[in-house]
Structure formats: structure tokens, C-alpha cells
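J.: Need a 3D model of the sequence below.
(one chain, ligands or ions: 2)
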Amino acid sequence: MASLSSLFDRTRLSRRSVLTGGVALAASTSLTGRSPLASLDATSRPAAQPLTAGRARTRLLEPGAPETELWGFGGSVPGPVLRLRQGEELAILLRNELDQPTAVHWHGIRIDNAMDGVVGMTQEAIAPGESFEYRFTPPDAGTYWYHSHNRSWEQMARGLYGLLIVEEREPPAVDRELLLVADDWRLDEAGAIHEESLGSLRDASHGGRLGNVLTLNSKDFLEQEIAPGERVRLRLCNTANARILALEFAGHRPWLIALDGQPVTPRPQEGPLTLAPGQRADLVLDGTGEPGSRHAILAHTSGQTLEVGALTYSDRPLRDLAALGPVPALPPAKIPQPLLESARRVRLVMEGGAMGRMQSARLDGQELAIRDLVEQGYAWSFNGIAGRPEEPWVSARLGETLIAEIVNDTSWPHVIHTHGHHFLTLEADGSLPTDPVWRDGILLERGETKRIAFVADNPGRWLIHCHMLEHRAAGMVSWCEVI
Ligand code: C2O
Ligand code: CU
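T.: Residues are numbered from 1 along each chain as shown. Ligands and ions are numbered 1, 2, ... in the order given. Coordinates of the predicted model:
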């Protein structure tokens, strides 16, 4: 196998000059109304749509390179875009055509606990050949995603994920949506998934499984046409196992309108937008480029800058830029406001990993030295416990506000994901932010401490874990119960 960094060069080398007009994930929406597809959906309440988890193959590399055998939903990677209107029910009959058990998590949805897809906690794994019906009505509009939640370090590294889009009842006026799913893959020289390193404890105790090929929508280079004066809503999602990315649209200043599915006060996005694994963002990008011009889509990661795509302008303007007007705000989130005065304060301390200070941690009720933990595949702990504990991290009363101080006492960044709840990040002085941003994943750099607050308003047992999937598998996982 060539060194990772040399394989990474593929992204740059494969830059093509011929337009392919690949718009596989683009859905068109007229400036004044809804997408034609969505209006058809409205009349038919969904019977469970079948969806398979099984084999898929895709060309992740440049044209002419071999295709890669993957696993995917509905035979594709990313899986089919599941799109519904706020207030509608999603009903999916998931059939497992893999050789190993699976389950699906609906990431970011404030969902009924029984539909959350957590094996051994909210459901049993779906055995090969078996099916499971997921049925729920997402409470919030926004950009979400669905992914395997069993052996996700393997199943997601092989491609088992897709976008889940809940449209606003009154979607903002845009000409088009462009969905951008960023992933990185660790491929061998033949372009196949590097299987030997799946589940590597070395990756798990360091930065997770980092790939050597970066794709947007499973393409090593995404060509996208745009018209001068066009207004595009971008929905971005980082589906990588462990790679943190910052995306940039050179020559443009898009407006940020949502993070992790939830609306934010529209603000110009200055510079690259960082997305840790699992995080999403919605941007409004106006076609401010000159007719015929070309602008790179850049990904900044691990000190490198890669060209992962390009926006190419057509010659005919769609309209005068002046006719576009201000970027519309999305209707605000309807998430209960934390009451800090009466809040319960809890802590979540991350320890372990390479170059860490952790000496030991509890595993299945037994205190084990780091050496013995490693032997069993563990390298990290939450509050001194490795692996999913039997006792909850917190047992909250329904409606109680929790303030969680999250401490990254390790030498690595981590992105902590909360199931079933979005949270606010408190200011340094402990107050609520004046401009609230609700998230379901929070990135903490090495040594960093942050406080989050949320109302435990969703009954059930909810996982909290690092979304760097190897970290989760190697111990960075706990759960809270809301009763
Ligand atoms: Cu997106 Cu528990 O995961
Ligand atoms: Cu982590």
C-alpha cells in the first residue's frame, strides 16, 4: 500500500477540466415554491418504504480507476435521500442483506426512543435476512442523516449512510438545493476498502480511521454548474468515520442558516466552515461569480488543502443579483429553553488515548490497567469507565435542565454526539448564548472544556458518545436516561 499522503494526492491529481454536469444529488426547487417531488408526497401517507442494507459499488476514484465494493443503503453510497415535509411520518422497512447484524440510527432527530436504532438499548440488532420497521414523525425541519449503528466503525467506513431531509412547511425561496456529503475513505492501491486496518486499535487510540481519499457525494472531484444570479441552498454533512474537515467555496461568501439541522440567525460564513464527523450545516450560496468563471470547492484537513470540486458558471445569468434580496431566516427551532437556575450539573470527563494520562479505567465493573484495557480493545474512558456502562451517566427527570461540563483531558480532538436531544453551548461565564445555536455534536480540541445545557425532554435511554467511530468503539460511550 502506498503511503497515505501519496494516495491523498489523488484528489489533486485527478482534477478534471471537462464538465460532467454531475448533479446526482441536486433537487430543483422553484424560487417561489416547493419541489415538484415534495408536492406529490403530500397526498400519499407513506406505507413503509422498503430500504435495504446490502452491497453497493461506486467509483470513488477518478474515471478509469476501478470501482470500489462498498456496503450501502438501497444499493448506493450515499444511500437514497429520504425527504419528507415537517409533520409527515417517515416509515421505512429496513431489510438487512448484509452478512452481519445491523441497525439504523436517525442522527439528529429528536425521535421516539424506540426508533433510535441503538443495538442492545433501544432495539435488538437486525440479523442478516431480517427486517425492522422504523416509523416516526420528525418534530423539526432540517438536514439530518441516517447511518448504521452497529459495528459502525466498519459499516460506516464501508458506506452505510444517507441524508434525511425534513423540509420546512414553508421552505425558503431558493432556486435549487445542492446536497454535499463529504467522506474520506481508506483504500488500498486497487481502490478497495483497506480491510486489514478495519478495527485497528492503533487508529482507535489515535485520531480514528482517517482515509486517504476524500470525496464529495462519492466523487473524488465534484463538478457543479451554477448560473450567475442563482440562489442555492447547500446542505452539507460530514459522514467520515473520524476526519474533521473545513469546507470552503472559493470566491464566495455563503450565508450560514442552520447547523446540525437547527436554524441559526443567518450570518455570513467567513472562511472555511468546520464540520466534525456527524455535523451538518445549511448554507445559502448566491451565484455571484462572473459568467464562465470557475471556483474551487476546497477541503482543509490535517494541515492540507485539497480541491474536492468546482463551481462552474454558465454564460447566461439567471437573474440580476440585485433581485435576490436578503437571505431568508428559517423558522426558529422549537426546543425547550434550558432553565439554568434550577439545572442539574454533571460532568463528562474524557480520558485515554495515545499520549494520554489514563492509567486505568473500569470495564464491566472491574478496574483494569491500561495494558489490560488495550488487550480487550479499549483505549478511552468517560468518567473513568470504558465501554458502555451498565449504569447511566445521568438519570434525569423528564423536563429537568442539565448542564454538562465536558472535559477533553486527552491529546486528541473529539466530537461528542447526544442522541435524542440538541443542546446549547454555554458562554465561558456560564450564561446562555445570546444568539442560540442548537447542536447535536460538539467538537472539543485537546485539553478543551465546554459546558452544554439542554432540557431532558425526551423520555428514554439515550446514548452519548464520540462520533469518531473508533473512539466510540474503544470506550468513549455512555448513556443517560430520562424518566
Ligand atoms: Cu450518528 Cu450514535 O450516532
Ligand atoms: Cu473521540
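J.: Contacts only, for Gly79.
T.: Contacts for Gly79 (CB atoms under 8 Å, 6 or more residues apart in numbering) come out as 51, 72-73, 146, 160-162. Where C-beta positions appear, they are placed from N, C-alpha and C, glycine not excepted.
J.: repeat for Gly292
T.: 313-315.
J.: which SS state does it fall under?
T.: Following DSSP: H, G, I helix; E, B strand; the rest coil, the label given to Gly292 is coil.
J.: any idea how far it lies from ligand 2?
T.: Taking CB to the ion, to the nearest Å as the measure, Gly292 falls 44 Å from ligand 2.
J.: same deal with Thr425?
T.: 17 Å.
J.: what's the answer for Leu214, then?
T.: From Leu214 to ligand 2 the distance is 20 Å (CB to the ion).
J.: go on, Cys480?
T.: 18 Å.
J.: Model confidence for the residue lying closest to that residue once chain neighbours are set aside, exactly?
T.: Once flanking residues are discounted, Cys480 sits nearest to Val394: 4.2 Å by CB to CB, 6 or more residues apart in numbering. In this model, Val394 is scored at 97, pLDDT.
J.: I'd like to know how many residues surround Val394.
T.: Val394 has 19 neighbours, counted by other CB atoms under 10 Å.
J.: residue in the chain nearest to ligand 1?
T.: For the chain, the residue closest to ligand 1 is His107, as judged by CB to the nearest ligand atom, at 3.7 Å.
J.: so what's that residue bridging to?
T.: With DSSP bridges as the criterion, His107 is bridged to Trp145.
J.: what's the distance between it and Pro338?
T.: 22 Å (CB to CB, to the nearest Å).
J.: Neighbour count for these two, which is higher?
T.: More crowded of His107 and Pro338, by other CB under 10 Å: His107, with 27 against 22.
J.: any idea how far that one is from Ser148?
T.: Distance from His107 to Ser148, by CB to CB: 11 Å.
J.: before we move on, what about Ser302?
T.: 25 Å.
J.: what about these two, which has more around it?
T.: A side-by-side neighbour count of Ser302 and Ser148, using other CB under 10 Å, places Ser148 first with 29 against 12.
J.: For the stretch 1-150 of the chain, what lies in contact range of ligand 1?
T.: For the stretch 1-150 of the chain, the contact set with ligand 1 under CB under 6 Å from any ligand atom comprises 105, 107, 147, 149.
J.: Can you tell me which of those is nearest His467?
T.: The shortest approach to His467 among those belongs to His107, at 8.6 Å (CB to CB).
J.: any idea how far Gly261 is from the closest one?
T.: For His107, the distance to Gly261 (CB to CB) stands at 9 Å.
J.: list residues touching both of these two?
T.: With CB under 8 Å, 6+ apart as the test, His107 and Gly261 both reach 144, 440.
J.: Correct me if wrong: Gln49 contacts Glu89.
T.: No - judged on CB atoms under 8 Å, Gln49 makes no contact with Glu89 at a distance of 11.2 Å.
J.: related to what we said a few turns ago, farthest-apart pair in the residues of the stretch 1-150 of the chain next to ligand 1, please.
T.: His107 and His149 (8.8 Å).
J.: Just the helices from the protein, written as ranges.
T.: 4-8, 10-13, 36-41, 152-155, 201-205, 370-375, 469-473 (DSSP state H).
J.: so does the fourth one get close to ligand 2?
T.: No - under the criterion of CB under 5 Å from the ion, ligand 2 is not reached by helix 152-155; the shortest gap measures 11.7 Å.
J.: which residues touch that helix?
T.: Counting by CB under 8 Å, 6+ apart, 53, 71, 98, 100, 102, 147-148, 160, 198-199, 204, 209, 241, 469-470, 472-473 sit against helix 152-155.
J.: Narrow those to those that are buried.
T.: Neighbour-count burial (16 or more other CB atoms under 10 Å) applied to those gives 53, 71, 98, 102, 147-148, 160, 198-199, 204, 209, 241, 469-470, 472-473.
J.: Most neighbours among the contacts of Gly79, please name it.
T.: Highest neighbour count within the contacts of Gly79, by other CB under 10 Å: Leu160, with 29 neighbours.
J.: Next, the contact list for it, please.
T.: Leu160 neighbours (CB under 8 Å, 6+ apart): 53, 71-73, 79, 102, 147-148, 152.
J.: Sort out which residues of stretch 330-337 are buried, please.
T.: When burial is assessed from 16+ other CB under 10 Å, stretch 330-337 yields the following buried residues: 330, 333, 335.
J.: okay, the residues you listed in JSON lines with pLDDT and distance to ligand 1 next?
T.: Shown next, in JSON lines, are these (pLDDT from 0 to 100; distance: CB to the nearest ligand atom, whole Å):
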{"residue": "Leu330", "pLDDT": "97", "distance to ligand 1": "22"}
{"residue": "Ala333", "pLDDT": "84", "distance to ligand 1": "19"}
{"residue": "Ile335", "pLDDT": "97", "distance to ligand 1": "19"}
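J.: and which of those is nearest to ligand 2?
T.: The closest of the buried residues of stretch 330-337 to ligand 2 turns out to be Ile335 (CB to the ion; 25.2 Å).
J.: Can you list the residue ranges for strands in the stretch 251-400 of the chain?
T.: With strands called from DSSP state E, counting those that start in this stretch, the stretch 251-400 of the chain shows them at 255-259, 262-268, 273-275, 280-286, 294-301, 304-313, 344-352, 360-363, 366-369, 380-382, 394-396.
J.: Those strands into CSV, with extra columns for distance to Leu61?
T.: Shown next, in CSV, are the strands of the stretch 251-400 of the chain (distance: least, CB to CB, whole Å):
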stretch, distance to Leu61
strand 255-259, 31
strand 262-268, 35
strand 273-275, 23
strand 280-286, 26
strand 294-301, 16
strand 304-313, 13
strand 344-352, 35
strand 360-363, 40
strand 366-369, 42
strand 380-382, 33
strand 394-396, 45
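J.: So which residue is smack in the middle of this protein?
T.: Centroid-nearest residue in the chain, with CA atoms, centre = their mean: Gly278, separated by 2.3 Å.
J.: neighbours of the residue found closest to it once you drop the neighbours it is linked to in the chain, just the number please.
T.: Once flanking residues are discounted, Gly278 sits nearest to His467: 4.0 Å by CB to CB, 6+ apart. The number of residues packed near His467 is 26, by other CB under 10 Å.
J.: Can you check the pLDDT for Arg388?
T.: As predicted, Arg388 sits at a pLDDT of 87.
J.: Not counting sequence-adjacent ones, nearest residue to it?
T.: Here the residue nearest Arg388, using CB to CB, 6+ apart, is Val477, at 5.1 Å.
J.: Is that neighbour bridged to anything, and to what?
T.: Going by DSSP bridges, Val477 forms beta bridges with His465.
J.: Pretty sure it sits against Cys466.
T.: Yes - between Val477 and Cys466 a contact is recorded at 7.4 Å, counting by CB under 8 Å.
J.: Pick out whichever of those two has more residues nearby.
T.: More neighbours surround Cys466 than the other of Val477 and Cys466, with 31 against 22 (other CB under 10 Å).
J.: ok, that one - contacts?
T.: Residues near Cys466 by CB under 8 Å, 6+ apart: 350, 380, 414-417, 472, 476-477.
J.: just Gly207 next, same as before
T.: So Gly207 contacts 242, 412-413, 468 (CB under 8 Å, 6+ apart).
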